[in-house]
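Peer 1: no sequence on this one, just coordinates:
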């Protein structure tokens, strides 16, 4: 186990050196506070599916996207102000951030909100669990340095089996199940958008002087402005704003898209991305639990099994479960030493697939 205090200091130094002009003031917690932030981020992203399901009872998918992005943008803008971060400058930079905001926020949020009108929140959370796999596939397709390995292929095949178990396409002849199948495809489309968004963000940050929080606040702000501009097209229709609908929209944006990200950034700075990424496994499980408890949703054994298979695929894709190879041979630990001079940066798909993103 790494020394969390040492990693915390290194994280603050690295974040401060990325051109923000000020130390990272969002960090500063250790011990039980970091554990609480880790669980808080997991709970917020798990509950996102519950809040979406409640919100779409009083507003359309596009209206929900405008509301949650606006709430998230305002929250992150306030955090930017408190931590004295500088906003990015330059038309080209903002055009790039707007494109990321569209792919990472507007499009997937629309797809998940549309699916929520037809699909139980628990199933949406399971489909969202495929995000690391979709990110891996997009990275393989569009990043030259990525290579298809035995582990990546195995992860994809296992994830595909899990999705098939959840979607149950053999029941597609049933008219009611047909809507569920289309909604499931919409969720998968949303995770593909996340995959493209993570790859674009990673490529942007390679040459960007801004830290992750600044980039996220900027792309969510740009996404909010874009959704407002598109509101005559995507957000028309009647509204029925109840206290539950309003609260779900505000919490979804302010906490799920805003504060939870800050919590997660703190955990990454202190514990490292590898440990922090385990929140990926809690999100679908929490989504199923919350949907069952608060919305009285029924989850079948087949759907639970499919969700567990998806989590297994994520474990394989992130290297936590290794695929045995016939050509592998045992190594002598007494004589084998790592090459300290060789670069140790992980593949891009490995790094970006560890970053969870709420629906």
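Peer 2: Right, received. Where do you want to start? Computed from a predicted structure; not experimentally measured.

Peer 1: and the longest helix belonging to the chain, what's buried?
Peer 2: If you go by DSSP state H, the chain has its longest helix at helix 175-207. Buried positions in helix 175-207, judged by neighbour count with 16 or more other CB atoms under 10 Å: 180-181, 183-184, 186-204. All C-beta atoms are positioned from the backbone trio N, CA, C, and that covers glycine.

Peer 1: go on, stretch 236-256?
Peer 2: 245, 248-256.

Peer 1: what about these, which are in helices?
Peer 2: Those of the buried residues of stretch 236-256 lying in helices (DSSP H): 245, 248-251.

Peer 1: possible to save the residues you listed as CSV with distance to residue 95 and pLDDT?
Peer 2: Below are those laid out as CSV (distance: CB to CB, whole Å; pLDDT from 0 to 100):
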residue, distance to residue 95, pLDDT
245, 34, 97
248, 32, 97
249, 28, 97
250, 29, 96
251, 31, 96
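
Peer 1: nearest to residue 162, of those residues?
Peer 2: residue 248 (28.2 Å; CB to CB).

Peer 1: next one: the closest one from residue 272, what distance?
Peer 2: The gap separating residue 248 from residue 272 is 33 Å, by CB to CB, to the nearest Å.

Peer 1: likewise residue 210?
Peer 2: The spacing between residue 210 and residue 272, counted by CB to CB, is 21 Å.

Peer 1: where does pLDDT dip in the stretch 201-350 of the chain?
Peer 2: Within the stretch 201-350 of the chain, the ranges that satisfy pLDDT under 70 run 274, 323-350.

Peer 1: mind redoing it with 90?
Peer 2: 201-208, 211-213, 216, 236-237, 257-258, 261-283, 299, 314-350 (pLDDT under 90).

Peer 1: what about the strands in it?
Peer 2: Under the criterion DSSP state E, counting those that start in this stretch, the stretch 201-350 of the chain contains no strands.

Peer 1: where do the helices of it begin and end?
Peer 2: Using DSSP state H, counting those that start in this stretch, the helices found in the stretch 201-350 of the chain span residues 212-229, 231-234, 243-251, 260-271, 273-276, 279-294, 301-317, 348-352.

Peer 1: what residues are up against residue 67?
Peer 2: 55, 59, 249-250, 253 (CB atoms under 8 Å, 6 or more residues apart in numbering).

Peer 1: same check, this time on residue 122
Peer 2: 49, 287-288, 290-292, 297, 299, 303.

Peer 1: now it: closest residue in space that isn't a chain neighbour?
Peer 2: residue 291 (3.6 Å; CB to CB, 6 or more residues apart in numbering).

Peer 1: then residue 249?
Peer 2: Spatially, and ignoring its direct neighbours in sequence, residue 249 is nearest to residue 67 (4.3 Å; CB to CB, 6+ apart).

Peer 1: ditto for residue 169
Peer 2: residue 181 (6.3 Å).

Peer 1: just confirm that neighbour contacts residue 167, I think it does.
Peer 2: Yes - Residue 181 is in contact with residue 167 according to CB atoms under 8 Å; the separation is 5.9 Å.

Peer 1: I'd say the residue nearest to residue 122 and residue 120 touch.
Peer 2: Yes - Residue 291 is within contact range of residue 120, at 5.8 Å (criterion: CB under 8 Å).

Peer 1: who touches both of those two?
Peer 2: Common contact partners of residue 291 and residue 120 (CB under 8 Å, 6+ apart): 53, 297, 299.

Peer 1: buried subset of those residues?
Peer 2: 53, 297, 299.

Peer 1: these two touch, right, residue 46 and residue 125?
Peer 2: Yes - Residue 46 lies in contact with residue 125 (CB under 8 Å); the separation is 6.7 Å.

Peer 1: which residues are in contact with each of these two?
Peer 2: Common neighbours of residue 46 and residue 125 (criterion: CB under 8 Å, 6+ apart): 283-284, 286-287.

Peer 1: now stretch 135-147: mean pLDDT?
Peer 2: Stretch 135-147 shows an average pLDDT of 88 in the prediction.

Peer 1: could you do stretch 86-100 as well?
Peer 2: Throughout stretch 86-100, pLDDT has a mean value of 95.

Peer 1: pull up the per-residue confidence for the closest residue to residue 114 other than its chain neighbours.
Peer 2: Nearest residue to residue 114, sequence neighbours excluded (CB to CB, 6+ apart): residue 61, at 4.5 Å. pLDDT, residue 61: 97.

Peer 1: one more: the one 4 residues further on?
Peer 2: The predicted local confidence for residue 65 comes out at a pLDDT of 97.

Peer 1: give me the element it is part of.
Peer 2: Using DSSP states H and E, residue 65 falls within helix 61-82.

Peer 1: next, the buried residues of that helix.
Peer 2: Neighbour counts over helix 61-82 (16+ other CB under 10 Å) mark 61-77, 79-80 as buried.

Peer 1: and for stretch 258-275?
Peer 2: Buried-residue list, stretch 258-275, by 16+ other CB under 10 Å: 258-272, 275.

Peer 1: run a quick neighbour tally on residue 232.
Peer 2: 9 (other CB atoms under 10 Å).

Peer 1: tell me how far it lies from residue 301.
Peer 2: Counting by CB to CB - residue 232 and residue 301 are separated by 45 Å.

Peer 1: buried residues of stretch 290-298, list them for me.
Peer 2: For stretch 290-298, by 16+ other CB under 10 Å, it's 290-291, 297.

Peer 1: how about those in CSV, adding distance to residue 96?
Peer 2: Listed next are the buried residues of stretch 290-298 as CSV, based on distance: CB to CB, whole Å:
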residue, distance to residue 96
290, 35
291, 36
297, 39
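
Peer 1: lovely, talk soon.
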